[in-house]
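[1] dropping a prediction and its sequence here:
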Amino acid sequence: MIKSFGKKTKIAVFISGRGSNLKNLINHSKKKNSKFQIDLIISNKKNAKGLIFAKKNNINFKIFSFIKLLEEEVKILDILKKKKIKIICLAGFMKILSKNFIKKFNGKILNIHPSLLPKYKGLNTHDRVLNNNDKYSGCTVHLVTGKLDSGKIILQKKVKVFNHDTSKTLEKRILKHEYLIYPKALNLIIS
Ligand code: GAR
């Protein structure tokens with residue numbers, strides 16, 4: 001539980017690409033009953049499409065390549081401290097944070113993953129679900145630990161897979177549920 005002391009909790013969102021979850025979190029953060037506000041966006045790609053939502057909404061954003069990982073993480077931790085960021089949300093962020101960084105923000109980094117974890121950790125989840133003829137897939141919001149896609153599950157949503165599904169149609173259906181559970185999970189962990 002993260003204590004909010006009656007104010008909206010400051011969060012940072014890390015992205016790598018399209019940023020549709022970021023856009024959705026921004027929209028939710030503006031609602032009266034939202035317990036969080038987005039004060040910082042970090043992207044590992046300077047041309048990530050999602051940065052448009054930072055610009056449109058006047059949210060501070062920074063680019064870090066995460067190539068010199070440890071050095072850059074020190075700088076990021078400093079910015080997070082200065083901005084009083086209490087929670088980090090990974091939203092389509094395709095880099096792996098160091099164990100040290102995760103430890104420093106222990107229990108306060110969330111990730112959204114497009115599968116019913118612990119099934120299908122890692123990449124290409126929809127293709128793997130279809131290849132295995134699974135009847136259900138889904139999405140999961142979980143705490144980030146040093147082990148990939150393995151931390152405590154905060155919320156999960158099961159989604160039906162149809163015979164005619166392609167990876168694109170399945171992705172689209174699951175994304176709609178990602179947009180529902182990510183803000184809900186955030187509001188759940190903030191007291
Ligand atoms: C989302 O489906 C998210 O669950 C997935 O990337 C997509 C990002 O879309 N994340 C992962 O696969 C993390 N392993 P978005 O940039 O439009 O939010």
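    That came through, no problem.

[2] what residue in this protein comes nearest to the ligand?
    Residue nearest to the ligand within the chain: residue 92 (2.6 Å; C-beta to the nearest ligand atom). C-beta here means a position set from N, CA and C on the backbone, and glycine is covered the same way.

[3] helix or strand: which one has that residue?
    Counting by DSSP states H and E, there is no helix or strand that carries residue 92.

[4] for residue 52, grab the count of nearby residues.
    Other residues within reach of residue 52, judged by other C-beta atoms under 10 Å, total 13.

[5] hang on, it packs against residue 20?
    No. Counting by C-beta atoms under 8 Å, residue 52 does not reach residue 20; the two are 11.1 Å apart.

[6] how far away is the residue of the chain closest to the ligand from residue 103?
    For residue 92, the distance to residue 103 (C-beta to C-beta, to the nearest Å) stands at 23 Å.

[7] more crowded one of those two?
    Set residue 92 next to residue 103 and count neighbours by other C-beta under 10 Å: residue 92 wins out with 20 against 11.

[8] so who does that one touch?
    15, 16, 17, 18, 19, 20, 21, 22, 50, 112 (C-beta atoms under 8 Å, 6 or more residues apart in numbering).

[9] bridging residues for the first one?
    By that I understand residue 15. Beta-bridge pairing for residue 15 (DSSP bridges): residue 43.

[10] just checking, what's the longest helix in the protein?
    helix 167-189 (DSSP state H).

[11] return the residues in contact with residue 54.
    Taking C-beta under 8 Å, 6+ apart, one finds 22, 41, 60, 61 in contact with residue 54.

[12] re earlier: can you list contacts of the longest helix of the chain?
    Contacts to helix 167-189, defined as C-beta under 8 Å, 6+ apart, come from residues 1-2, 11, 20-21, 24-25, 28-29, 34-36, 87, 89, 91, 110, 112, 114, 126-127, 129-130, 137-139, 141, 154-157, 159, 161-162, 165.

[13] from those, list just the buried residues.
    Among those, those classed as buried by 16 or more other C-beta atoms under 10 Å are 11, 20-21, 24-25, 28-29, 34-36, 87, 89, 91, 110, 112, 114, 126, 129-130, 137-139, 141, 154-157, 159, 161, 165.

[14] show me the residues you listed that map onto strands.
    Among those, the members found in strands (DSSP state E) are 11, 36, 87, 89, 110, 112, 137-139, 141, 154-157, 159.

[15] which ones among these also lie next to the ligand?
    Subset of those in contact with the ligand: residue 112, counting by C-beta under 6 Å from any ligand atom.

[16] which residue, other than its chain neighbours, is closest to residue 103?
    Computed as C-beta to C-beta, 6 or more residues apart in numbering, the closest residue to residue 103 that is not its neighbour in sequence is residue 146, at 7.7 Å.

[17] hang on, that neighbour is in a strand, isn't it?
    No. Counting by DSSP: H, G, I helix; E, B strand; the rest coil, residue 146 falls outside a strand, being coil.
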